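Novice: Any chance you could fold what I've pasted below:
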Amino acid sequence: MQGFLDYGPVDTTKNVFKIEITRRSIMAYILGPGEFSLHDARQIHGLPTNPSAIRPDSYTMCYMFTPSKRSHEGLQWHQAYIGLGRDQAGNPYADPTKTHPELIERRVTCGKKGH
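Specialist: Residues are numbered from 1 along each chain as shown. Below is the predicted model of the structure:
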């Protein structure tokens, strides 16, 4: 295993890439109501069709050094907070003492459209 995933060869006459992630790299976790999964973002993860009327929610936490410049493309409802130190790259940060209902509404609206 190299890093997080195992790779194996595939038939290149039927596939674009020469290797694929093997089944040994896949681990199934069945979560009940109120449970959560905590994993590294490099680990492949996903959900099958949700049979519940309740939309599953997710929370992503990323850490970066204060000299790093954050890309904002595709992050229309994500907020960044500075945890330690001072920003050195001119990133916009949210105020943790304020709520942002417009971001929640944007997320709900986008979720209804199937994005």
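Novice: would Gly8 count as being in a strand?
Specialist: Yes - counting by DSSP: H, G, I helix; E, B strand; the rest coil, Gly8 falls inside a strand.
Novice: Let me see the confidence value for it.
Specialist: Here the pLDDT value assigned to Gly8 is 89.
Novice: For the residue nearest to it when sequence neighbours are not counted, give me its contacts.
Specialist: In space, and not counting its chain neighbours, Gly8 is closest to Thr22: 4.5 Å by Cβ to Cβ, 6 or more residues apart in numbering. Just so you know, the C-beta spots here come from the backbone N, C-alpha and C atoms, and that holds for glycine as well. Neighbour list for Thr22: Leu5, Asp6, Tyr7, Gly8 [criterion: Cβ atoms under 8 Å, 6 or more residues apart in numbering].
Novice: how about a markdown table for these, with distance to Phe36 added?
Specialist: What follows is these, written out as a markdown table (distance: Cβ to Cβ, whole Å):
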| residue | distance to Phe36 |
| --- | --- |
| Leu5 | 22 |
| Asp6 | 26 |
| Tyr7 | 29 |
| Gly8 | 31 |
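Novice: List just the nearest of the residues you listed to Asn50.
Specialist: Leu5 (25.1 Å; Cβ to Cβ).
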